[in-house]
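Asker: please work out how this folds:
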Amino acid sequence: MTAAKYDVLGIGNAIFDVLVQTDEGFLSRHGMTKGGMSLIDQNRAAAIYSDMGPATKMSGGSAANTIVGIASLGARAAYVGKVRDDEVGHLYTRDIRAAGVAFETTAAANGPATGCSYILVTPDGERTMNTYLGAAQELMPADIDAEQIAAAAFVYLEGYLWDPKSAKEAFVKAATIAHQANRRVALTLSDSFCVDRYRGEFLDLMRNGTVDLVFANEAELRSLYQTSDFEAALKQLRNDIGLAAVTRSEKGCVVASKEGVTAVPAFPVKKIVDTTGAGDLFAAGFLFGLSRGVGHESAARLGALAAAEVIQHIGARPQVSLKELAQQSGLPV
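Answerer: Numbers count the residues shown, from 1 in each chain. Here you go, the predicted structure:
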């Protein structure tokens, strides 16, 4: 097998985040389900935005957050996602490249505007997302560069990609190319509502070997197996996939494989400000660890560290060097 040019390549919805701290009243006024992600059209996006007040704006998207975290840890990272050739698309491209990520996907010349997610953060740190996919759903199989995919040790896919049909085809194409090059494919389930929509298809991806590693949180795992019994769901998960990492908020996480289950505690945090990106950054640390050949427990500790950093400030991208943070914590980088 040829040496990898990239440690991890992510494929996802390229979304520009618009974040605001708000209260429960805003959510009920707009009929939002707290803690979830809803897909919205351009009109609803405009209505929410006009009522939001001063906001923090930055490049986002689940897989992109993970890839930026991987770059912050010092790994070689690349990203594939579709933006429009518009002002927000240019901001997005500049942001992700400035983070040290290779981003070469051709911007769309016409069609929908660059996607945006309007993220409402309540005082408890919970985030409620309203996402206008826009140009992100224009990701096509033609945007998948076989040479680039084959050059990545890990290809990381977000479950949100399973919404648009063309992106779904791009996802499967990338996984096929990766496996032909003897690379590994990871999937994050993204959101329990996303799992509700595609439960059977996600299980098929796991059972037929399209993906080798799955990331989920407790809610997504319970949704996947339609049970409130965590241990029962974990047992089924181990039957369906070779390796999985399940995050459990303040309880830390468990790494599940055919060999067994390893529990790893969460890193202590002073104050939870915004949980946006917690799962994304956990995946960054875990994948980074795997790319460096450390054991599952050390990989999970790196994930826990990255998640702890991101939930202590607004926004889903690290604000300090995760590599330096890991070194200070005595973790392998």
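Asker: any chance you could map the strands in the protein?
Answerer: 6-11, 15-21, 37-39, 56-60, 77-80, 101-103, 114-121, 127-134, 152-158, 184-188, 213-217, 243-247, 253-257, 261-264 (DSSP state E).
Asker: buried sites along stretch 283-300?
Answerer: 283-292, 294, 296, 298-300 (16 or more other Cβ atoms under 10 Å). (Each C-beta comes from the backbone N, C-alpha and C, glycine too.)
Asker: repeat that for stretch 22-30.
Answerer: 22, 26-27, 30.
Asker: now do stretch 234-248
Answerer: Buried-residue list, stretch 234-248, by 16+ other Cβ under 10 Å: 234, 237-238, 240-248.
Asker: ends of that stretch, how far apart?
Answerer: 12 Å (Cα to Cα, to the nearest Å).
Asker: quick check: mean pLDDT across it?
Answerer: Mean per-residue pLDDT for stretch 234-248: 97.
Asker: and for stretch 113-129?
Answerer: 93.
Asker: now Thr188, nearest residue through space, not along the chain?
Answerer: Phe215 (4.2 Å; Cβ to Cβ, 6 or more residues apart in numbering).
Asker: for stretch 288-305, how far is the first residue from the last?
Answerer: First-to-last distance for stretch 288-305 - Cα to Cα - comes to 12 Å.
Asker: and what of stretch 238-253?
Answerer: Stretch 238-253: ends 15 Å apart by Cα to Cα.
Asker: mind listing residues that contact it?
Answerer: Residues from elsewhere that reach stretch 238-253, judged by Cβ atoms under 8 Å, 6 or more residues apart in numbering: 203, 206-207, 211-218, 221, 234, 237, 254-258, 261, 263-266, 278-279, 282-283, 286, 296, 300, 303-304, 307.
Asker: which among the residues you listed count as buried?
Answerer: 203, 206, 211-218, 221, 234, 237, 254-256, 261, 264, 266, 278-279, 282-283, 286, 296, 300, 303-304, 307.
Asker: state the distance from Ala216 to Ile241.
Answerer: Separation of Ala216 from Ile241 (Cβ to Cβ, to the nearest Å) stands at 10 Å.
Asker: quick one on the thing from earlier: out of the buried residues of stretch 283-300, which is nearest to Ile40?
Answerer: When the buried residues of stretch 283-300 are compared for distance to Ile40 (Cβ to Cβ), Ala283 wins out at 25.0 Å.
Asker: state the pLDDT value of that closest one.
Answerer: 98.
Asker: going forward, the N-terminal residue is numbered 390.
Answerer: Sure thing, new numbering starts at 390, so read that last one as Ala672.
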